[in-house]
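# build me a model:
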Amino acid sequence: MNAALSRRDLLALGLAPALASAAGPAFTLADATQAAGLGAFRHNTGAYGAKFLPETLGPGCAFLDYDNDGWLDILLMNGCDWPGHRRRRSTPALFRNNRDGTFTDVTRAAGLDLELYGMGVAVGDFDNDGFPDLFLSCVGQSRLLHNNGRGRFVDVTARAGLLGRESFSTSALWFDYDRDGLLDLFVCNYVQWSPARDIFCALDGRNKSYCTPEAYRGATCWLFRNRGNGTFEDVTARSGIFDPTSKSLGVALLDINGDGWPDLFVANDTRPNKLYVNQRDGRFEEQGLAYNVAFSEDGKARAGMGADAAWLDGSPYPSIAVTNFDNERIGFYQRTGSHRYEDTAVRSGIAGPSRTTLGFGCLFADLDLGGSPALIVANGHIDDTVRHIRRDVGHAQPPHLFVPSGAGSYRDIAPQAGPEFATPRVARGLAAGDFNRDGSLDLLFTTNGGPPALFRTAAAPGRHAIRFHLEGRRSNRDAIGAIVGLDDRGIVQTAMVRSGSSYLSQSERTVHFGAGRRDSIARVTVQWPSGRKDEFRNLATGRAYRCVEGESPRVLDRF
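This is a model prediction of the structure:
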C-alpha cells in the first residue's frame, strides 16, 4: 500500500487491517458442508495395513463451472482400493451447483465414474472450445478428460498421446508457457514408487510404517506442449524442466520478474524448491538458488508440500508461501532487493504458529474484502501415531488463518474464526471460490480418509468486492497468465489468472479483489498473455465483470 496514506485514510476506505483487531475477524466462516449436500463423501485411501506411501497424501479438490451456467461446481478427488485388496468401489465426485446453496452429485452422468487412485486436479480449456477440461493426476496412469459441452467428460488420454506415462503424479496446472494461445500442461511427480517397488520401513524394526521420501529416488516433473490438434508433445527435456532428483508435491504459477511470461515455482519434499524462469524461447532456466527460494533461511531443504503466490502490499513482485513439515515452519518468501528473495516467516509472525503443524494446501485470499489477502493453510499430519512421539503435535490439526496486522506482519486468527473452522482435521487440499455468488470467497478443504469441509464466507456489512472473469481471443481462452491491476487513490492491487497452486487443487479462475468501502475503482488494467494491454476507467464495485480481450467489460453479476 502507498506509505503516504495514513491509517485514517485506510479506515475511511475500509482497507485498514481490521482483521487483526481484538474485536475479531471482519468476516464470518460458516460450515456449509452438510447443508450443501457434501457430507456423505468420504475419501478412500485404500489403506489395508501395507502402509503404502500414497495413502497419506491425498486428495485434492476444485471449484469449476463445468456446465457454464455461471455457478461454481465442486470436484472432489478420490483414491481407491489397492489391487488384490478390493473392498469397495470409489471414484472422484462431481457436485453440480443447484444455485440455492446446495449441490447434486452428478458424477455418473458426467462420465466421472472412474475408478483410479486419484491425487490432484487441474482445470483448463485446452482446446479453446469454451468448456473446462480436466487433468486428473493419479498414482499410475493419470487421465485427461475432455468436456463435450453437453455435461459429460470423455477420456481422451490415449488420443492426446498421454497414455503409458505412469508415475506418482501430484499437483498439476495448465498454462501457456510459449504464449501461442494454447494451454500447455505441467505435471509434478513425487518419487519412483509403485506397489511392486514398495520398501519396508519400520520405526521399531518389526512393524511396517510409512517411509519418508528419502527411501525412494526422485522423479522429474513433466511439461507437455499443446500442439493444437488435441495432442500433446513431451518437451520436458528440451524445455529445461527435466530433473530426476526432484520430489515435487506443489506448483504455483507466477511472473517472478515482471516480464509478462509465466514462470513456475515447484515445492519439493526434502529436496530444494525449484524456480523455473521462462526464457521466452521455449526453455526454462532453474533459478531457485539465484532468487533465494530453494532452501530455508538456514540453508536446508525442507519438506515442501503446497505453494501459492500473490502480489502483496502493492509490491510489483509476487510473494511465495510454501507449506512444510512440522518443526520446519512455513516458508514465506518476499522480494527484498535486486532480484533476491528473503524468507520473512519469522519477522512476519508466520513462523511461530506453524512450527508444530504440518501444512499441505495453502492459498492467499481476501476474505474480509479489505484489499489485503490473508494466507489460509490446511494442516494435518501423515502419521496417526505422532502424538506418541511428540506431545505438541497431533494427527488432526486446525488450519491457519494468517491475516495482515500492519507493517508486513501477520497474526493467526483461526481460533477466532469459529469452532467449526478451527476444528482439527487431517486436511490436504484447499481451494477458494464464490459458490453462492455473494461476492465473498468461500473455502473448500479435503481431508485424508475423511469428508470435505465447505465454509461459506461473509464479509462485514458495507465492504465490497470487484471480480473479473477474463476470456482470451489471441490469448488462451481461459486467459491463464493474464495479470489484472487495480489502481485507486494510490492503492495498488495485482492478481493473476491462474491454474494450480495450493496442493493438488484448483481454485476458481475468476480474479477477485476486495475493495473495502469504495464504490468504484479509478483504473483497471489487464495485461493479456498475448502481450496486449487493456485499460478500463471508473468501474463500479459490487460487480463481476466479463472481460473479453480487446473489448469493453460487461457486467455479469451484482452482489
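
# next structured bit after the least confident helix or strand in the chain by mean pLDDT?
Of the helices and strands making up the chain, the lowest-confidence element is helix 7-13, at a mean of 45, by mean pLDDT, DSSP states H and E. Using DSSP states H and E, the helix or strand that follows helix 7-13 in sequence is strand 27-31.

# can you tell me what sits against the helix or strand that residue 364 is a member of?
Secondary structure assignment for residue 364, by DSSP H and E: strand 359-365. Counting by C-beta atoms under 8 Å, 6 or more residues apart in numbering, the neighbours of strand 359-365 from elsewhere in the structure are 60, 305-310, 312, 321-324, 330, 373-380, 400, 427-432, 441, 443, 445-446, 501-505, 507, 512. The way it works is simple: take the backbone N, C-alpha and C, and place the C-beta from them, glycine included.

# low-confidence ranges, the stretch 251-400 of the chain, go.
Counting by pLDDT under 70, the stretch 251-400 of the chain contains low-confidence residues at 387-391.

# now the strands for it?
In chain order, the stretch 251-400 of the chain shows strands spanning 263-268, 274-278, 284-286, 307-311, 318-322, 331-337, 340-343, 359-365, 374-379, 400-406, with DSSP state E, counting those that start in this stretch as the criterion.

# in CSV: those, plus mean neighbour count.
Putting those into CSV (neighbours: other C-beta atoms under 10 Å) gives the following:
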stretch, mean neighbour count
strand 263-268, 28
strand 274-278, 25
strand 284-286, 17
strand 307-311, 26
strand 318-322, 27
strand 331-337, 19
strand 340-343, 18
strand 359-365, 28
strand 374-379, 28
strand 400-406, 23
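
# just so I know, which of these lies nearest residue 30?
In this view, the strands of the stretch 251-400 of the chain are compared for proximity to residue 30 by C-beta to C-beta, and strand 400-406 is the closest at 14.4 Å.

# with just CA atoms, put that closest one into CSV.
Extracted C-alpha coordinates of strand 400-406, given in CSV (Å, rounded to 0.1, in the frame of the first residue of the first chain):
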residue,chain,number,x,y,z
HIS,A,400,-4.0,-21.5,10.0
LEU,A,401,-5.7,-18.2,9.0
PHE,A,402,-2.9,-15.6,8.9
VAL,A,403,-4.3,-12.0,8.5
PRO,A,404,-2.4,-8.8,7.9
SER,A,405,-1.8,-6.8,11.1
GLY,A,406,0.3,-4.0,9.7
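
# show me what the helix or strand just after it is packed against.
Downstream of strand 400-406, the first helix or strand assigned by DSSP H and E is strand 409-412. Using 3 or more C-beta pairs under 8 Å, 6 or more residues apart in numbering; DSSP states H and E as the contact criterion, the neighbours of strand 409-412 among helices and strands are helix 345-348, strand 400-406.

# closest one to residue 153 among these?
Distances from residue 153 to each of those were compared using C-beta to C-beta; the minimum, 34.0 Å, belongs to strand 400-406.

# neighbouring strands for that closest one, and are they parallel or not?
strand 374-379 (antiparallel), strand 409-412 (antiparallel) (DSSP bridges).

# want to throw these into TSV with distance to residue 240?
Formatted as TSV, the entries for the strands paired with strand 400-406 read as follows, by distance: least, C-beta to C-beta, whole Å:
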stretch	distance to residue 240
strand 374-379	30
strand 409-412	35
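
# out of the ones you listed, which is closest to residue 204?
Relative to residue 204, the nearest member of the strands paired with strand 400-406 by C-beta to C-beta is strand 374-379, separated by 26.8 Å.

# got the helices and strands packed on strand 409-412 as a markdown table, with distance to residue 72 columns?
A markdown table is the format used below for the helices and strands packed on strand 409-412 (distance: least, C-beta to C-beta, whole Å):
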| stretch | distance to residue 72 |
| --- | --- |
| helix 345-348 | 31 |
| strand 400-406 | 21 |
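
# for residue 293, find the nearest of these.
Among the helices and strands packed on strand 409-412, if distance is taken as C-beta to C-beta, the winner is helix 345-348, at 12.4 Å.

# okay, buried residues for that closest one please.
Of the residues in helix 345-348, 345, 348 count as buried by neighbour count, 16 or more other C-beta atoms under 10 Å.

# quick one: end-to-end length of stretch 41-49, please.
The first and final residues of stretch 41-49 sit 22 Å from each other (C-alpha to C-alpha, to the nearest Å).

# and the contacts of that stretch?
The list of residues contacting stretch 41-49 from outside it, by C-beta under 8 Å, 6+ apart, reads 52, 54-56, 58-59, 76-82, 85, 87-88, 90, 93, 117, 208, 446-452.

# where's the residue of the chain positioned farthest from its centre, which helix or strand?
Here the chain reaches farthest from its C-alpha mean at residue 206, the gap being 38.6 Å by C-alpha atoms, centre = their mean. Here residue 206 sits in a region with no helix or strand, counting by DSSP H and E.

# what's the neighbour count on the nearest residue to residue 115 once chain neighbours are set aside?
In this structure, residue 115 finds its nearest non-sequential neighbour in residue 80, 5.1 Å apart by C-beta to C-beta, 6 or more residues apart in numbering. The criterion is other C-beta atoms under 10 Å. On that basis, residue 80 has 21 neighbouring residues.

# just so I know, which of the helices and strands packed on strand 409-412 lies nearest residue 538?
For the helices and strands packed on strand 409-412, the distance to residue 538 is smallest for strand 400-406, at 27.2 Å, taking C-beta to C-beta.
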